[in-house]
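Participant: With the sequence up front, the predicted model follows.
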Amino acid sequence: MARKGFELKTNQQILLMREAGLITAEALEAVRDAIRPGVSTLELDEIANATILARGARSNFQLVSGYFHTICASINDEIVHGIPSKDRILQAGDIVSIDAGAEKDGWNGDSAITVIVPGGDAELSAARQRLSDITEESLWAGIAAFATANRVNEVGAAVEDYVNSQGKWGILEYYVGHGIGRSMHEEPAVFNYKTRESSPKINPGLVIAIEPMVVAGSNATKILADDWTVSTIDNSDASHWEHTVARHAKGIWVLTANDGGAERLAKYGVTPVELKS
Ligand code: MG
Ligand code: MG
């Protein structure tokens, strides 16, 4: 995907991005509420699109060249970029990640959640929930690091450290987070692992999408015949969580979380600071 250079955002621009972030969050909540055995991923896509349109925004996924849907829905061994279809019917116990974004007044939000479809085999569902929980917490560890980090790469180090503290899991390396603003995908790249690559310094006004993708087995991936869907090669399960987060002069603010991240960041000693218009 094309990545444009990144600009530091003003407080006023971050407030506009908050609007896009809240609409993105609302769309994902609507999808989460609709997830049950028997629902198709295309139905979920329509729910997300209707939610975004009702708020006077538009789907930024539909602005990606060659992509015509509002969400990506990636099931079980699919990791990211699953294309919604009327023929993809969720089954009890599936682990499904939903990725979505809204553009409002020219500014973008981007977020992803993972949900275990209710009613499945208890043992399998518990194992999948654990994978999702570890991935989600690694996201929050990365967000917490972003609050005080000097360099963007410190975010990925925190993600990796958390995942590794939980046992043996695979972290995707080929797919990473990104800057976000007027475009959904901007510089800089936000890795989910430790790297020696030179890393941009973090200044107030940097807004990034942090999005760990964690798998139960090998992190080797393949792209399916639809040319979009990324799946594991060993058929192991995958999870993906994402938030759009702003760093400003007084702290951080999770733009795609209704509470700005307050609840999940408390245990890290990080208090998000909301900007006022
Ligand atoms: Mg996303
Ligand atoms: Mg993203």
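Facilitator: Happy to help now that I have it. Ligands and ions are numbered 1, 2, ... in the order given.
Participant: Output the set of residues of the stretch 101-250 of the chain in proximity to ligand 1.
Facilitator: For the stretch 101-250 of the chain, the contact set with ligand 1 under Cβ under 5 Å from the ion comprises 110, 112, 242. Quick note: C-beta positions are derived from backbone N, CA and C, even for glycine.
Participant: please redo it, this time with the cut-off set to 8 Å
Facilitator: Listed as neighbours of ligand 1 in the stretch 101-250 of the chain under the rule Cβ under 8 Å from the ion: 101, 110-112, 184, 209, 211, 242.
Participant: which of these tops the neighbour count?
Facilitator: Highest neighbour count within these, by other Cβ atoms under 10 Å: Gly101, with 35 neighbours.
Participant: just checking, Glu187 touches Gly177?
Facilitator: No: between Glu187 and Gly177 no contact is recorded; they are 11.4 Å apart, counting by Cβ atoms under 8 Å.
Participant: Looking only at neighbour counts, state which of the two leads.
Facilitator: In this view Glu187 and Gly177 are compared by other Cβ under 10 Å, and Gly177 has more residues nearby, 28 against 16.
Participant: can you pull the contacts of the nearest residue to that one once chain neighbours are set aside?
Facilitator: Nearest residue to Gly177, sequence neighbours excluded (Cβ to Cβ, 6 or more residues apart in numbering): Val190, at 3.3 Å. By Cβ atoms under 8 Å, 6 or more residues apart in numbering, the contact list for Val190 reads 152, 155-156, 176-179, 208-211.
Participant: Also Ser59?
Facilitator: Contacts of Ser59 by Cβ under 8 Å, 6+ apart are 48-49, 52, 69-70, 100-103.
Participant: For ligand 2, see how far away it is.
Facilitator: Distance from Ser59 to ligand 2, counting by Cβ to the ion, to the nearest Å: 14 Å.
Participant: Residues of this protein that sit close to ligand 2?
Facilitator: Neighbours of ligand 2 within the chain, by Cβ under 8 Å from the ion: 99, 101, 110, 112, 177-178, 180, 184-185, 209, 211, 242.
Participant: Strands of the stretch 101-250 of the chain, start to end?
Facilitator: Taking DSSP state E, counting those that start in this stretch as the test, the strands found in the stretch 101-250 of the chain are 102-104, 107-108, 111-116, 170-171, 177-179, 186-190, 207-210, 213-215, 221-223, 230-232, 238-240, 243-248.
Participant: Please report how far the closest residue in space to Ala73 that isn't next to it in sequence lies from ligand 1.
Facilitator: In this structure, Ala73 finds its nearest non-sequential neighbour in Thr41, 3.8 Å apart by Cβ to Cβ, 6+ apart. When distance is defined by Cβ to the ion, Thr41 is 16 Å away from ligand 1.
Participant: Thr41 touches Pro84, doesn't it?
Facilitator: Yes: checked against Cβ under 8 Å, the pair Thr41 and Pro84 is within contact range at 4.2 Å.
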